[in-house]
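**Student:** Just need the structure, nothing else, for what follows:
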Amino acid sequence: MTDLSWASWGGIWALLLVVVDIATVARAVTREQRSAASRLAWVVVILSLPLVGVIAYFFLGDTSADRRSDKKLKDLRRELPKVPKGDPNPPDLPLLYRQAFARAGSVNGFQPVGGNQAKVTTDSREAVDWLISDIDAATDHVHLLFYIWLTDGNGTRVAEAMMRAARRGVSCRVIVDGLGSRKLLTHTLWKDMRAAGVETVVAFPFRFAPVAAIFRRLDIRNHRKIVVIDHDTTYVGSQNCADAAFLVKRKFAPWVDIMLRVCGPVAWQSQRLFVSDWMVNGGPDISDILNRETTQPAAGFPAIVAGTGPNISVQGVPDMAQMLLASAQEEVVITTPYYVPSEALQQQICATAVRGVRVQLNVPANNDSHIVGFASRSFYRALLKAGVEIHEFQPGLLHAKILTVDGQAALIGSANLDRRSFDLNYENSMMLADVPTVAEIRAKQTMFLNASLPVSRAAVESWSVLRRLLINSIGMMAPLL
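**Tutor:** As a prediction, this is how the structure comes out:
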């Protein structure tokens, strides 16, 4: 009788498990903004790992932070202005890049604006020197958003500059990510900034993680790097608020980044992203700052900002990259620390090389994410076969995220060419078309390439069966990364 009872309960539990598996598979298959490869991968995981696959899906499969944040962001996207008052006349864009700019504009409803000027920083130290100089000269406001803000030399210097500015009456606001900047949040430096009058907001707080995981996916992060000072000055690029030594991952140091200091009307678009992030994450309403009327810009280049996220044009980054690749006539140079592309982007890169454009891909030799490093190499054989030149950066971790085309157009920002930046992280990028500025960016890429070693097709084809098995097995997980 007891055996029969246990058998009955076993059958009930087995039936419940099957129902849960089927329900989770249905959720994975019907989830919007998912590629077919991603859906298929999750179906395989859920069915092949009963219960474990279900738990993994609800922790890692859904691309939503939480319903409240999603709704608030949706409302703000509708309510906040998409163009400034006195919106200047649209710039004359080069014909080859008009479609790429149009795709960038569709992300947030922005329009390309002319009259911008930019300077490229030499290194991380210079970027922080320029930033501090701008903070010390600010007269109205300073807005900073960093995924990672460390309490090292550069992090402390920027915090001290913010405290000085706040004490003299400048409106200073800071957003940091709850995971990326978790050490700052428990440090006296964070308390000191708040005590000095710096207003602060934490994006996606990471306290009580096991409880929070029930309600939202924990690895959806705000990966943006946004600086806006006195309306007209913005910074865009890959650098976090930290030293190049990057103490939290010092064995991969130095971290090699790039930042652009941009002055002009395009700063309003960065401001719009900051205001949205500030208010979504609990900050008070500061939307009035967007009401400042812009004037017809002076001479300068056209640019546009694109702020992507898990519920904001998830294909925005790969689409912009693919359109720039399609416009290339002679040369494309791609710099990225994490290369786990969508199938469409991988094919576009290969197709660009096949049609005779010189394509160079620069990635780190040693990646701080071993899984991503292996996954990246699973794409090498097809890239090399198509004629893409692959170079692995040697002295540290190449963290810059850049795509330049024919020395005329560029896409630069916080977004990597990987699934996390495409599907999960909130990112900010800038597309611009200007020969002198792109020449400066391209010169940085040349420096990176000169510090890299080429990867030969023969070397990749000589990989052992065991190594290829490991690399390609991890590469198969690309839709889940």
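**Student:** Please count neighbours and contacts with C-alpha atoms only from this point.
**Tutor:** Will do.
**Student:** So, low pLDDT: which residues of the stretch 301-450 of the chain?
**Tutor:** By pLDDT under 70, the stretch 301-450 of the chain contains no weakly predicted segment.
**Student:** what's the helix or strand for V176?
**Tutor:** Using DSSP states H and E, V176 maps to strand 171-177.
**Student:** Find out how far that strand is from the centre of the chain, if you would.
**Tutor:** 18 Å (C-alpha atoms, centre = their mean, to the nearest Å).
**Student:** residue boundaries of the strands in the stretch 51-200 of the chain?
**Tutor:** Ranges of strands within the stretch 51-200 of the chain are 113-120, 141-146, 171-177, 199-203, based on DSSP state E, counting those that start in this stretch.
**Student:** meant to ask about the stretch 251-400 of the chain, not that
**Tutor:** Taking DSSP E, counting those that start in this stretch as the criterion, the stretch 251-400 of the chain carries its strands at 255-256, 259-263, 301-308, 331-335, 339-340, 358-364, 389-393, 397-398.
**Student:** For S270, which of those is the nearest?
**Tutor:** strand 301-308 (6.7 Å; C-alpha to C-alpha).
**Student:** Would you mind naming the helix or strand containing the residue positioned nearest the centre of the chain?
**Tutor:** Taking C-alpha atoms, centre = their mean as the criterion, A415 is the residue nearest the geometric centre of the chain, at 2.8 Å. Using DSSP H and E, A415 falls within no helix or strand.
**Student:** who touches stretch 195-210?
**Tutor:** With C-alpha atoms under 8 Å, 6 or more residues apart in numbering as the contact definition, stretch 195-210 has outside contacts at 162-163, 166-167, 171-179, 182, 194, 212, 218, 221-222, 277-278, 281-283.
**Student:** taking the mean pLDDT, what do you get for it?
**Tutor:** In this model, stretch 195-210 has an average pLDDT of 86.
**Student:** Dump that stretch to PDB, keeping only the CA atoms.
**Tutor:** Output of stretch 195-210 as PDB, limited to C-alpha atoms (Å, rounded to 0.1, in the frame of the first residue of the first chain):
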ATOM      1  CA  ALA A 195      26.800  64.600   2.000                       C
ATOM      2  CA  ALA A 196      28.400  67.200  -0.300                       C
ATOM      3  CA  GLY A 197      25.100  67.600  -2.200                       C
ATOM      4  CA  VAL A 198      25.700  65.300  -5.100                       C
ATOM      5  CA  GLU A 199      22.300  63.700  -6.000                       C
ATOM      6  CA  THR A 200      22.600  59.900  -6.600                       C
ATOM      7  CA  VAL A 201      20.600  57.100  -8.100                       C
ATOM      8  CA  VAL A 202      21.400  53.400  -8.300                       C
ATOM      9  CA  ALA A 203      20.400  51.500 -11.400                       C
ATOM     10  CA  PHE A 204      19.100  48.000 -10.700                       C
ATOM     11  CA  PRO A 205      20.200  47.700  -7.000                       C
ATOM     12  CA  PHE A 206      21.800  44.400  -6.200                       C
ATOM     13  CA  ARG A 207      20.800  44.000  -2.600                       C
ATOM     14  CA  PHE A 208      19.100  40.800  -1.500                       C
ATOM     15  CA  ALA A 209      19.900  39.200  -4.800                       C
ATOM     16  CA  PRO A 210      18.100  35.800  -4.100                       C
END
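**Student:** For that stretch, buried residues please.
**Tutor:** A196, G197, V198, E199, T200, V201, V202, A203, F204, P205, F206 (16 or more other C-alpha atoms under 10 Å).
**Student:** ok now that stretch, how far from the chain's centre?
**Tutor:** Mean-position distance between stretch 195-210 and its chain equals 20 Å (C-alpha atoms, centre = their mean).
**Student:** again, but for stretch 444-460
**Tutor:** Offset of stretch 444-460 from its chain centre (C-alpha atoms, centre = their mean): 24 Å.
**Student:** swap in stretch 236-252?
**Tutor:** On C-alpha atoms, centre = their mean, the centre of stretch 236-252 falls 15 Å from the chain's centre.
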